[in-house]
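**Q** Just a sequence and a predicted model for now, questions to come.
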Amino acid sequence: MSQGAPKKIVLVGHCVPDSFMLKGVIERAIAGAAVVRANTDAELARESDGAALLVVNRVLDGEFADTAGLSVVKAAVARGGRAMLISNFPESRAEAEAAGGLPSFGKKDLGAEETLRRLRAAVEP
């Protein structure tokens, strides 16, 4: 990955333990990543600005008007942003990809080399 400003990655709708695990994996995959959390609609609106990637939970934890992660992915893609839906269900990930989301992974795959590769690819121009 090229040098420059840190890539801002937003964890959307993940509980604290999952956020901690995801942050560690993202920081391992993307040198210098600036990982932040968004667990409300207001936080999402604020943190999405300038984000290189939204890492969205399938069912949003927190206070969102719509708790479907797929809705966040669709909205991000419509704005020209990058988002991936994190789910252990392959059919949910496939639905998000069909809607324009990036190839992703399940939380059970956090230790896989393919997960790191997908995260790196998601923030490359």
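**A** Arrived safely.
**Q** how far is the longest helix along the chain from where the chain is centred?
**A** Identified as the longest helix of the chain according to DSSP state H is helix 16-29. Between the centre of helix 16-29 and the centre of its chain there are 11 Å (C-alpha atoms, centre = their mean, to the nearest Å).
**Q** neighbouring strands for the helix or strand following it, and are they parallel or not?
**A** Counting by DSSP states H and E, the next helix or strand C-terminal to helix 16-29 is strand 34-38. Here strand 34-38 is paired, per DSSP bridges, with strand 8-12 (parallel).
**Q** Please list the residues outside the strand it pairs with that contact it.
**A** The contact list for strand 8-12, computed with C-beta atoms under 8 Å, 6 or more residues apart in numbering, reads 19, 22-23, 26, 30, 33-39, 44, 47-48, 50-57, 60, 69, 72, 123. (Glycine included, C-beta is placed from N, CA and C.)
**Q** buried subset of the residues you listed?
**A** Buried members of the contacts of strand 8-12, counted by 16 or more other C-beta atoms under 10 Å: 19, 22-23, 26, 30, 33-39, 44, 47-48, 51-57, 60, 69, 72, 123.
**Q** how far away is the residue nearest in space to the middle of the chain from Cys15?
**A** Central residue of the chain (C-alpha atoms, centre = their mean): Val55, 0.7 Å from the mean position. Taking C-beta to C-beta, to the nearest Å as the measure, Val55 falls 13 Å from Cys15.
**Q** And for Ser87?
**A** Ser87 is 14 Å from Cys15, by C-beta to C-beta.
**Q** And those two? Which one has more around it.
**A** More neighbours surround Ser87 than the other of Ser87 and Cys15, with 22 against 12 (other C-beta atoms under 10 Å).
**Q** so how many other residues sit close to Asn88?
**A** 12.
**Q** my read: it touches Lys108, true?
**A** Yes - using C-beta atoms under 8 Å, Asn88 is in contact with Lys108, at 5.3 Å.
**Q** Quick check: the residue nearest to the centre of the chain is in a strand.
**A** Yes - counting by DSSP: H, G, I helix; E, B strand; the rest coil, Val55 is part of a strand.
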